[in-house]
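Novice: Return atomic coordinates for the entry below.
(one chain, ligands or ions: 1)
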Amino acid sequence: RPGLYIVATPIGNLGDLSPRAADTLARASLILAEDKRVSARLVAGVEPRPPMRTYNDHSDEADRAAIVARLGEEAIALVSDAGTPLISDPGYKLVRDARAAGHEVVTIPGPCAAVAALTLAGLPTDRFLFLGFLPPKEKARADAIAEVAAVRATLVLYESGPRLAASLKALADGLGDRDAAVARELTKMHEECRTGSLGQLAARYGEAPPRGEIVIVIAPPAPPEAASADQLDEALRQAMLTES
Ligand code: SAM
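Specialist: As a prediction, the model looks like this:
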């Protein structure tokens, strides 16, 4: 069927490409990829190999219009370098424009580093807030952290190895020393998930910056402590003493 297909691809292990994703890529008349070389391995075995075109953060209005103009007749697939397109990756403007022009938009869901990390961290998953990447500059980073400090949800962030320790320290300073997890190289040979408080993890990764791709997961703030019956009695007694 003609339309725009949003196709999730592996975040490391190529075995995670779903049969439906592979089938969609094989049937597409065009694959839009962030980086054609990175995505070429996904269609390496597909014959005839669908043509690929670059679609990334530099793509503009005119690029989108040219793609949208073809959607009435063709099945066009969007992939990103890894994982789910649109999640800290390009694509939402293309989906918006395709919808506005009345075309079909179909998602082929699959791997996403944020969700994979949540399933490993052992932290609450009923409410979570995905923050993408923190700003690299210190002040902007501290402001971004302060903005979410009161949010009663697990926080999920993307980070790179060289910046991990500094970010964990800034997070501990801005949020308090909450429980957290650092998930690294998910689905790859050196996959690991380390847990501890933000301060402990900052100290650990400060010694040796890790390689690879990283997701940080942070526990929600502790709920305010409910006052005990004894505390309420004492408060009442004090209030009565003050009045008399
Ligand atoms: N669209 C992707 C997704 O669905 O997860 C995310 C793209 S974003 C540009 C890339 C970031 O995702 C990396 O810097 C890292 O923080 C995270 N990431 C991607 N693959 C990962 C993996 N295998 N293990 C841990 N984090 C990963």
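Novice: contacts and neighbour counts: CA atoms only from here.
Specialist: OK.
Novice: need the residues of the chain near the ligand, please.
Specialist: Proximity of the chain to the ligand, by CA under 6 Å from any ligand atom, involves residues 11-12, 82-85, 87-89, 112-114, 158-160, 183-187, 213-215.
Novice: filter those residues to the buried ones?
Specialist: 11-12, 82-85, 89, 112-114, 158-160, 183-187, 213-215 (16 or more other CA atoms under 10 Å).
Novice: got any ranges where the protein has weak pLDDT?
Specialist: 242-244 (pLDDT under 70).
Novice: let's go with 90 and repeat that
Specialist: Along the chain, the parts satisfying pLDDT under 90 run over 41-49, 208-209, 223-244.
Novice: before we move on, the earlier item: which ones among the buried ones among the residues of the chain next to the ligand lie within strands?
Specialist: Among those, the members falling in strands (DSSP state E) are 158-160, 183-184, 213-215.
Novice: hmm, which two among these are most spread apart?
Specialist: Distance extremes for those: the farthest pair is 160 and 183 at 11.3 Å, using CA to CA.
Novice: Mind listing the shared neighbours of these two?
Specialist: residue 214 (CA atoms under 8 Å, 6 or more residues apart in numbering).
Novice: what about the nearest residue to residue 211 once chain neighbours are set aside, how many residues close to it?
Specialist: In space, residue 211 comes closest to residue 161 once its chain neighbours are excluded; the distance is 5.2 Å by CA to CA, 6 or more residues apart in numbering. Using other CA atoms under 10 Å, residue 161 has 16 other residues around it.
Novice: Next: residue 157.
Specialist: Residues lying near residue 157 (other CA under 10 Å) number 19.
Novice: Go ahead and confirm it touches residue 213.
Specialist: No. In this structure, residue 157 is not within contact of residue 213 by CA atoms under 8 Å, at 11.5 Å.
Novice: contacting residues for the residue nearest to residue 211?
Specialist: 209-214.
Novice: Kindly report the same for residue 94.
Specialist: By CA under 8 Å, 6+ apart, the neighbours of residue 94 are 64, 68.
Novice: Helix or strand for it, just tell me which one.
Specialist: Using DSSP states H and E, residue 94 falls within helix 92-100.
Novice: got the buried residues for that helix?
Specialist: Using 16+ other CA under 10 Å as the burial criterion, the residues of helix 92-100 that qualify are 94-95, 97-98.
Novice: cool, stretch 164-175 as well?
Specialist: Buried residues in stretch 164-175, defined by neighbour count with 16+ other CA under 10 Å: 164-172, 174-175.
Novice: now swap in stretch 220-238 and tell me
Specialist: 220-221.
Novice: Do you have the strands of this structure handy? List them.
Specialist: Per DSSP E, the chain carries strands over the ranges 3-7, 30-33, 52-54, 75-79, 105-108, 128-133, 154-160, 179-184, 192-197, 213-218.
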